[in-house]
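Visitor: Pasting the sequence and the predicted coordinates here, then a few questions.
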Amino acid sequence: MKTTPIVAALACCVATTAFAEGAHGKIKICRAALPGASTAAVYVPADGTYSAACDSEQECRKFIVGVTAGAMLPAGVGTCATLSAVILQDDGQPITVGQSLVANWATGSLVSHTKVIEAFK
């Protein structure tokens, strides 16, 4: 099949736009050490997604990352799990190390905080 210059140019633009979406990085979810909070082991689902946490001025970025595999968050106060993640929805700005994330899945009794620990590339 022969492609025309217009089709080739369109394919190039689509590939360039899709570069950011699908970029891989790492996130770390840690159990918050709160009195009375559950400290039992909990499964972090493979289909769980995370969005940007809003800053103090309520500026909220519009990106979504998803983990590439589920993992167990070990029992105990302050335990953490590192998860590989991929960008599912990009907002055109880099997702930086230290960026706080909010879980978009039912966390049950788990009270945690999640941060980006490896830049998405």
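Guide: Perfect, I can see it now. Residues are numbered from 1 along each chain as shown.

Visitor: if you skip the residues just before and after it, what's nearest to residue 23?
Guide: Excluding its sequence neighbours, the residue lying closest to residue 23 (Cβ to Cβ, 6 or more residues apart in numbering) is residue 120, at 4.2 Å. Bear in mind the C-beta positions are built from the backbone N, C-alpha and C, glycine included.

Visitor: which residues sit in contact with that neighbour?
Guide: Taking Cβ atoms under 8 Å, 6 or more residues apart in numbering, we find residue 120 in contact with 20, 23-25, 65, 85-87, 94-95.

Visitor: could you dump those to JSON lines with neighbour count?
Guide: Shown next, in JSON lines, are the contacts of residue 120 (neighbours: other Cβ atoms under 10 Å):
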{"residue": "20", "neighbour count": "18"}
{"residue": "23", "neighbour count": "17"}
{"residue": "24", "neighbour count": "14"}
{"residue": "25", "neighbour count": "20"}
{"residue": "65", "neighbour count": "28"}
{"residue": "85", "neighbour count": "26"}
{"residue": "86", "neighbour count": "15"}
{"residue": "87", "neighbour count": "20"}
{"residue": "94", "neighbour count": "14"}
{"residue": "95", "neighbour count": "22"}
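
Visitor: pLDDT added to these, as CSV?
Guide: Converted to CSV, these look like this (pLDDT from 0 to 100):
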residue, pLDDT
20, 53
23, 95
24, 97
25, 97
65, 97
85, 97
86, 97
87, 97
94, 92
95, 93
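
Visitor: So which of those residues belong to strands?
Guide: Counting by DSSP state E, the part of those found in strands is 24-25, 65, 85-87.

Visitor: what's the closest of the residues you listed to residue 49?
Guide: residue 65 (6.7 Å; Cβ to Cβ).

Visitor: what sits opposite the closest residue to that closest one other than its chain neighbours in the beta ladder?
Guide: Residue nearest to residue 65 in three dimensions, not counting chain neighbours: residue 85, with 4.5 Å by Cβ to Cβ, 6+ apart. Assessed by DSSP bridges, residue 85 has beta-bridge partners residue 25, residue 67.
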